[in-house]
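> Just the structure for this:
(2 chains)
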Amino acid sequence: MKALSQRRRHPLAAIALLLMALLMVGAIYSAASSANQAQAQTESFSANDAEEGEKLFAANCASCHGLGASGSSAGPSLVGVGAASVDFQVGSGRMPLQMDGPQAQVKPVQFTEEQTRQLAAYVATLGAGPAIPDEEILDASEGDPANGGELFRVNCAMCHNAAAAGGALTRGKFAPSLEGSSEKHIYEAMVTGPQNMPVFNDANISPEDKRDVIAFLKTIEEQGSPGGADLGSLGPVSEGLFIWVAGLGVVIAFTVWLTSRSS
Amino acid sequence: MADNSHGSPDTSVTVATPGQGGVDTFTNPGLPPHRPRLADTDPRAEKRAERQVALLFFISVLGTLLFFFAYFFIPLNDTIERLRMQNLALGLGTAFAMLGIGVGIVHWAKTLMPDHELTEERHAVTDEKDRAEAEQIVGTILDESGIKRRPLIRNTLIGAALLAPLPAIAIFRDLGPLPGNSLKHTFWDAGMRLTRDPSGTPIKASDVTVGSAFHVIPEGLNEAENKLEEKAKAVVLLMRLDPESLNPSEGREDWGYDGIVAYSKICTHVGCPVALYEQQTHHLLCPCHQSTFDLEQECKVIFGPAARPLPQLPIDVDDEGYLIATSDFQEPVGPSFWERG
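Next up, the predicted model:
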C-alpha cells in the first residue's frame, strides 16, 4: 500500500488511473448489457448431455435444420436460439414438426424429458441464447397476479385474448390458448418468441414481471369465470351464437305456447 | 260484434259476402265450430289445471325466497367461486319469481277463464260525416280560443315557441368545444424518451433485440393531466427487424435506428389497437377488422378495410443510449376525420 501511495505523483499515475477507470466502466457495462442476453446458462449441462444430444439431433432434427443445426431450406438455423427454445418446442410437442403448415401444431410429446434435456444441451453449445429458467422464477405463488394481469393486457392480450383463450392471426396462423400450459413453457415462450410470437426479453419484461404474468395466468385458470359458463371465452362470437340460438329459441317457444289453444 | 262461444258456427256474422254474378265465387266456410276445452267439460281436468296454476305461483314464491336466501346467506369471501354461486342463485331466483307469475297467469287464462270467441266488423275507413265533424271541432277551437281576434296573445305565443328550443342549443353546445387541431397532434415531441407501457421506464436501444416487440408510451404520460385521452392517441409499438428487411422511402431513412422502428398502434380504419405483431412475417394485424399492415413496406395496408398506412414515429438514440422521438408523428394518427384532407 505504501509503495502505491509513493507513486501517486508519478507522471504516469494519471494515465494508469484513467486506464483502470475505463476498464472498470467497460466491465460493468458488459456485465449489464449481457444481462438481457441469455442471463447466463443457469442450468448446468454435462458434456455427456451435449454429446447424446448431438446424436439425437443428427437422427431426428438434422433433416430440416441441417447438420450442425446451421439451417436448410426446410428449417431455420438453431445457432443461438438457446436451450429454452429447444425445451419449449420439443417439450410442448411442437417439434419435431408433424407436417408443413402455417405454424407448428401441438401434438403428443415425442421425446422423453431426458432426451429433451440432451437436445437442449446440444443446441445451447452452438451459441449463446436464453437458458431454461430456474424453478424459483417459475413459482407462481411468489408472483403478483394483479401486476401480471396489467402486463398481460398490455403485451399479450391482443393475440392471446384477454382471458388467454387464444385467437386467430393471418393466413391460418393463430395464438394458442394458454390454458394448461406449464409455467416453464409460458416463460420460455416469452424469452424465445416461438413461431410468430415476438420476443419479450428480460429488458422488456423482467424475470420477476414474467413470474407475475405466470401468476396471473394460473390465477384465472384456477378461479374460472365469475359469470358462469364462459363458452370458451371467445367473446361476441360464441356468446352471440348462444343467445341467438338458445335465447331466441326460448322466446319463440314461449310465443308458440302463448298463441296455442289449450286442449 | 258477435259471440261464437256456443258450439255452432254462426254464419250470419261472416265478413266476406259472395261476389255478385261471378262464376268463381266460393261460399264462405265461416268459422270453425267452437270446441270446448278439456277443463270446460271435465271437472277433474279443471281441478288439475287449477293445481297447475297454483304450482306455478308457488314456484314464483320459491324463486323469490331463493333470491333472498342467496342475497343474505351466501357470504362473499375472497374467491370468485363464491361470487359465481351467488350470481347464479340471484339470477335463477329472479327468473323463477317472474316466470312463475307470468306463466301461471297465462296458463290460468288459457285453461280456466271463459273462452269466448269474438268477431268484430271492420269500420269503413273514411266517413264524410266524421270528417265534417272533425273540421267543425277544429273551427270551434279556433273561434273560442279567440286566436284570430287577439293578436297580442298570438304574437307572444309565436315568440315563446320560437325561443323555447334555444336552451337545447346551449345544452348541445356543451358537447364541444370543437377538437381544434388536437386530432393532428399527440403527446410526442422532439427529444421525448420512449418508455414502457405501463411502467413508464425508458427503453435502451440495446434492450430491443431482433424479433422483440415493446409496447410504448411517451415519457411523462403517466403524470399527464388527461392521461387516458393522450394515451389513446400516443401509444406506439416498437419492433426490431433485420435492417435489411426494412425498405424506407426517401426522406424516411433516418426515422428508425438500426432496424428499430416505431409505429402508431391506432388503426387507421376505426382506431382499434393494432398490436398483433407476427415477428416472422413482419405483419401487423388489427384484431377488429383484420386490416393487415406490412412493416417491410412502411406499414402499407396489405389486407382489410384500413385505407392508410400506420403513421411512423421518427426515433433516434440519445447520449445515454435511450430511444427518443425526434418529432411528433408527421401525420394525424388514427382513423380519418372530416377535416383531415
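
> show me where pLDDT drops low in the stretch 201-341 of chain B?
B:341 (pLDDT under 70).

> which bits of it sit near chain A?
B:203-204, B:206-215, B:239, B:273, B:275-281, B:283, B:285, B:287, B:290, B:292, B:303 (C-beta under 8 Å from any C-beta of the partner chain). Where C-beta positions appear, they are placed from N, C-alpha and C, glycine not excepted.

> What subset of these is buried?
Among those, the ones that count as buried by 16 or more other C-beta atoms under 10 Å in any protein chain shown are B:203-204, B:206-209, B:211-215, B:239, B:273, B:275-279, B:281, B:283, B:285, B:287, B:290, B:292, B:303.

> In strands, which of those fall?
B:213, B:214, B:215, B:239, B:276, B:277, B:278, B:283, B:285, B:292, B:303 (DSSP state E).

> Just give the closest residue to the last one, not the sequence neighbours.
This points to residue B:303. residue B:292 (4.0 Å; C-beta to C-beta, 6 or more residues apart in numbering or on different chains).

> Check whether that neighbour really touches residue B:304, as I assumed.
Yes. Counting by C-beta atoms under 8 Å, residue B:292 does reach residue B:304; the two are 5.7 Å apart.

> Quick check: neighbours shared by the two?
Common contacts of residue B:292 and residue B:304 (C-beta atoms under 8 Å, 6 or more residues apart in numbering or on different chains): residue B:286.

> if I look at the closest residue to residue B:318 other than its chain neighbours, how far off is chain A?
Sequence neighbours aside, residue B:324 is the residue nearest to residue B:318 in space, at 4.9 Å (criterion: C-beta to C-beta, 6+ apart). Residue B:324 is 17 Å from chain A, where distance means C-beta to the nearest C-beta, to the nearest Å.

> how about the strands in chain A?
So, for chain A - with DSSP E - the strands run A:167-168, A:174-175.

> Mean pLDDT and mean neighbour count added to these, as JSON lines?
Output for the strands of chain A, formatted as JSON lines (pLDDT from 0 to 100; neighbours: other C-beta atoms under 10 Å in any protein chain shown):
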{"stretch": "strand A:167-168", "mean pLDDT": "86", "mean neighbour count": "17"}
{"stretch": "strand A:174-175", "mean pLDDT": "90", "mean neighbour count": "20"}
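
> For residue B:57, which residues are in contact?
B:100, B:101, B:104.

> Secondary structure element for it, which one?
Assessed by DSSP states H and E, residue B:57 sits inside helix B:43-73.

> I'd like the mean pLDDT over that helix, please.
The pLDDT scores in helix B:43-73 average 95.

> Check which element follows that helix along the chain.
Following helix B:43-73 in sequence, per DSSP H and E, is helix B:80-111.

> Just the angle for that next one relative to helix B:43-73, thanks.
160 degrees (axes from the mean of the first three to the mean of the last three C-alpha atoms, to 10 degrees).

> can you give me the offset of helix B:80-111 from its chain's centre?
How far helix B:80-111 lies from its chain's middle: 27 Å, per C-alpha atoms, centre = their mean, to the nearest Å.

> Report the secondary structure state of the residue nearest to residue B:318.
strand (DSSP: H, G, I helix; E, B strand; the rest coil).

> Quick one: residues contacting it.
Per C-beta under 8 Å, 6+ apart, neighbours of residue B:324: B:191, B:192, B:193, B:194, B:315, B:316, B:317, B:318.

> of all the residues you listed, which two lie farthest apart?
Spanning the widest gap among these are B:192 and B:317, at 13.2 Å by C-beta to C-beta.

> what element comes up after whichever strand or helix holds residue B:129 heading to the C-terminus?
Counting by DSSP H and E, the element that carries residue B:129 is helix B:128-145. Downstream of helix B:128-145, the first helix or strand assigned by DSSP H and E is helix B:151-163.

> which helix is the longest one in chain A?
The longest helix of chain A (DSSP state H) is helix A:13-33.

> What are the buried residues along stretch B:26-43?
Under 16+ other C-beta under 10 Å, the buried positions of stretch B:26-43 are B:30, B:31, B:34, B:37, B:39.

> and it, C-alpha only, in PDB?
Extracted in PDB, the C-alpha atoms of stretch B:26-43 (Å, rounded to 0.1, in the frame of the first residue of the first chain):
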ATOM      1  CA  PHE B  26    -116.900 -19.600 -53.400                       C
ATOM      2  CA  THR B  27    -119.000 -20.000 -50.400                       C
ATOM      3  CA  ASN B  28    -117.600 -18.600 -47.200                       C
ATOM      4  CA  PRO B  29    -116.900 -21.600 -44.900                       C
ATOM      5  CA  GLY B  30    -117.400 -19.400 -41.900                       C
ATOM      6  CA  LEU B  31    -115.600 -20.000 -38.600                       C
ATOM      7  CA  PRO B  32    -114.800 -23.500 -37.400                       C
ATOM      8  CA  PRO B  33    -117.100 -24.800 -34.700                       C
ATOM      9  CA  HIS B  34    -116.300 -23.800 -31.200                       C
ATOM     10  CA  ARG B  35    -114.600 -26.600 -29.400                       C
ATOM     11  CA  PRO B  36    -114.800 -26.700 -25.700                       C
ATOM     12  CA  ARG B  37    -111.600 -27.300 -23.700                       C
ATOM     13  CA  LEU B  38    -111.000 -30.300 -21.600                       C
ATOM     14  CA  ALA B  39    -111.300 -28.200 -18.400                       C
ATOM     15  CA  ASP B  40    -114.700 -26.900 -19.600                       C
ATOM     16  CA  THR B  41    -116.200 -30.400 -19.700                       C
ATOM     17  CA  ASP B  42    -114.200 -32.500 -17.300                       C
ATOM     18  CA  PRO B  43    -114.200 -31.300 -13.700                       C
END
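
> Do any residues in it lie close to chain A?
Yes. On the criterion C-beta under 8 Å from any C-beta, stretch B:26-43 is in touch with chain A at B:37, B:38, B:39.

> which ones are touching the second one?
It stands for residue B:38. A:262, A:263, B:45.

> was I right about the first one contacting residue B:113?
No. When contacts are counted by C-beta under 8 Å, residue A:262 is not listed as touching residue B:113 (10.2 Å).

> Quick one: the helices in the stretch 201-341 of chain B, in order.
For the stretch 201-341 of chain B, helices defined by DSSP state H, counting those that start in this stretch occupy the ranges B:227-234.

> same check, this time on chain A
A:2-6, A:13-33, A:47-60, A:62-65, A:82-91, A:113-126, A:145-155, A:157-160, A:183-192, A:207-223, A:236-242, A:248-259.

> Out of those, which one sits most buried?
Highest mean neighbour count of the helices of chain A: helix A:82-91, a mean of 27 (counted as mean count of other C-beta atoms under 10 Å in any protein chain shown).

> What helices and strands are in contact with that helix?
helix A:113-126, helix A:183-192 (3 or more C-beta pairs under 8 Å, 6 or more residues apart in numbering or on different chains; DSSP states H and E).

> any idea how far the spatially most central residue of chain A is from residue A:130?
Ranked by distance to the mean C-alpha position of chain A (C-alpha atoms, centre = their mean), the top residue is residue A:189 at 1.3 Å. Look at residue A:189 and residue A:130: by C-beta to C-beta, to the nearest Å, they are 11 Å apart.

> what's near enough to touch residue A:193?
Per C-beta under 8 Å, 6+ apart, neighbours of residue A:193: A:199, A:200, B:211, B:212, B:279.

> Show me the two of those that sit farthest apart.
Using C-beta to C-beta, the contacts of residue A:193 span at most 10.8 Å, a distance reached by A:200 and B:279.

> Touching both of the two, which residues are there?
Common neighbours of residue A:200 and residue B:279 (C-beta under 8 Å, 6+ apart) are A:193, B:212, B:213.

> With distance to residue A:12 added, can I get the residues you listed in CSV?
Shown next, in CSV, are these (distance: C-beta to C-beta, whole Å):
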residue, distance to residue A:12
A:193, 50
B:212, 45
B:213, 50
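
> quick one: which of those residues is nearest to residue A:88?
residue A:193 (10.0 Å).
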